[in-house]
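Participant: Below is the sequence, then the predicted model.
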Amino acid sequence: MAEVVFTVGHTYAVQDVIVTSNRGRQFTIDIVEVGANRFGVWLLIDDPLGVPRIKFFQYPKASDDTASENFLAAAECVLAYLRYADEKDSVEKVNNPCNAQFLSAPAQEAILRQLGVPVIVTVNAH
């Protein structure tokens, strides 16, 4: 019998950013609007190559509460995880599957370039 869990709490506006590595690891960066022009970030790491398969949340701490600083903090966590898991793995693609309402694709590309990741960020790609 399956368990069903319901959670009652705050509803937040969220921008999903899906980062995929060239070896199949996937990272979901959720830029979360927690107040008027105030943001936080959640990071889901899905590593199908881990033994056992690894899936967990991280809550990166940004230097301030802007969308760009929170994206930067999450991107740094993604790169740190890739260095830890497999030095030969790297970011292959970045997609915003449901628009980019808080941080535009060009803004994400600029942050990623600053971290040494020359990737084209897509919006609503499949």
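Facilitator: Yep, it's here.
Participant: Pull up the pairing partners for the least confident helix or strand in the chain by mean pLDDT, direction included.
Facilitator: Comparing every helix and strand of the chain by mean pLDDT, DSSP states H and E singles out strand 54-58 as the least confident one, with a mean of 71. Here strand 54-58 is paired, per DSSP bridges, with strand 38-47 (antiparallel).
Participant: Find out how far the partner strand is from the centre of the chain, if you would.
Facilitator: 5 Å (C-alpha atoms, centre = their mean, to the nearest Å).
Participant: ok, now stretch 73-89?
Facilitator: 12 Å.
Participant: Show residues contacting the least confident helix or strand of the chain.
Facilitator: Trp42, Leu43, Leu44, Ile45, Asp46, Asp47, Ala74, Cys77 (C-beta atoms under 8 Å, 6 or more residues apart in numbering). Every residue, glycine included, has its C-beta placed from N, CA and C.
Participant: now the angle from the host helix or strand of Ala75 to strand 38-47?
Facilitator: Ala75 is part of helix 67-85, with elements assigned from DSSP states H and E. Counting by axes from the mean of the first three to the mean of the last three C-alpha atoms, to 10 degrees, helix 67-85 lies at 20 degrees to strand 38-47.
Participant: what's the burial count for the nearest residue to Cys98 once chain neighbours are set aside?
Facilitator: The shortest distance from Cys98 to any non-neighbouring residue, by C-beta to C-beta, 6 or more residues apart in numbering, is to Asp16 (5.7 Å). Counted by other C-beta atoms under 10 Å, the residues lying close to Asp16 total 15.
Participant: before we move on, the earlier item: what is the helix holding Ala75 packed up against?
Facilitator: strand 13-21, strand 26-35, strand 38-47, strand 91-96, helix 105-114 (3 or more C-beta pairs under 8 Å, 6 or more residues apart in numbering; DSSP states H and E).
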